[in-house]
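> Make a model of this:
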Amino acid sequence: MTAPTGAIRAGDGPRRFVAPLRGQVDAACFRHPVFDGYGDHLDLMTAARWPDIDALNAWMPATGPRFVVQDATLLADGLHYEARIAQGRIATRAENWHDLFNAMVWVRYPVLKHALNRQQCRHLERMGSRERSPAQQALAQFDESGVVVQVRDTTLLDLWDRHDWTALFHANAGRWNDGGITVAAVVGHALMEQVLVPGRLLVGKCLVVLGDPVDAIARVVASISTGTSLVMPTELRPLPLAGIPGWHAEQGAAFYAQKDYFRPLREGRVYPRPL
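Sure, this is the predicted structure:
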């Protein structure tokens, strides 16, 4: 079955996603659950004018890296993007949705972003900048499309591991509201950018925290920092976000039967234990 009319799966086709102009974006899209946790920054997304670098830096801690305009002068230093962050400068393109959302994640989850950057820099020192190791690919995928999911009911994790999407989302819809399984945080700025175009069917790349920790993000940060997580891209569990109850307008049985979006488990695919 094909996707509903107007629905586009993120990643379909070879074309690179092009975000709409600021004036073309319906502010209603920022009510999407992807933006839960970023309500304090609503003005950065909805104001008529783009926030400038000073406005972004006003949200950052007094110490640590600062956003700097990415221009020819900055790029002339020849540094890798991640190496430049380690020196305290986050290259940020002007009037750019992708970089604005990246800035918002830095503001909301700076410890997580620091952990990702430190690991990237360690691999850069070993690999150089011409090739990416599997760990660098995993780190980049989580940075772009990452979601932290907290699971308290292990039977739901079993359904997810088997890609039994109808049971996970439809039959157990109530468990997404009673705490059995919860999206603790969306940290992938590319996912946010995709929401600007209504109807896109997003897929998160997830790290799973089991149980009821005080701070799921802290557990993820600790695992990344020790090199326990994000060593291989296959560690990341795909989650079709439009399947989560309330995250998409069409969620009947036919919707969950779309195998081009709710994909069956690939033979031999095994996911790691949750954190």
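> So Val209: helix, strand or coil?
strand (DSSP: H, G, I helix; E, B strand; the rest coil).
> didn't it look like it was pressed against Val147?
No. Using CB atoms under 8 Å, Val209 is not in contact with Val147; the gap is 11.2 Å. (Glycine included, C-beta is placed from N, CA and C.)
> all strands of the stretch 1-150 of the chain, in order?
Applying DSSP state E, counting those that start in this stretch to the stretch 1-150 of the chain gives strands spanning 8-9, 66-69, 89-92, 146-151.
> beta partners for Arg200?
Judged by DSSP bridges, the bridge partners of Arg200 are Ile8.
> Before we move on, what's the pLDDT of it?
We have a pLDDT of 91 for Arg200.
> Relative to Thr166, how far out is it?
Note on Arg200: its distance to Thr166, by CB to CB, to the nearest Å, is 21 Å.
> Can you pick out the residue with more neighbours from the two?
Taking neighbours as other CB atoms under 10 Å, Arg200 and Thr166 compare with Arg200 leading, 21 against 16.
> Isn't that one up against Leu191?
No. With contact defined as CB under 8 Å, Arg200 does not reach Leu191; the gap is 9.6 Å.
> Put the alpha carbons of stretch 65-74 into PDB.
Listed next in PDB are the C-alpha coordinates belonging to stretch 65-74 (Å, rounded to 0.1, in the frame of the first residue of the first chain):
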ATOM      1  CA  PRO A  65      31.100  27.200  22.600                       C
ATOM      2  CA  ARG A  66      29.400  30.100  20.800                       C
ATOM      3  CA  PHE A  67      27.500  30.200  17.600                       C
ATOM      4  CA  VAL A  68      29.400  32.000  14.800                       C
ATOM      5  CA  VAL A  69      28.300  32.900  11.300                       C
ATOM      6  CA  GLN A  70      29.500  30.400   8.700                       C
ATOM      7  CA  ASP A  71      30.900  32.400   5.900                       C
ATOM      8  CA  ALA A  72      33.900  32.300   3.600                       C
ATOM      9  CA  THR A  73      36.200  33.900   6.200                       C
ATOM     10  CA  LEU A  74      35.300  31.300   8.800                       C
END
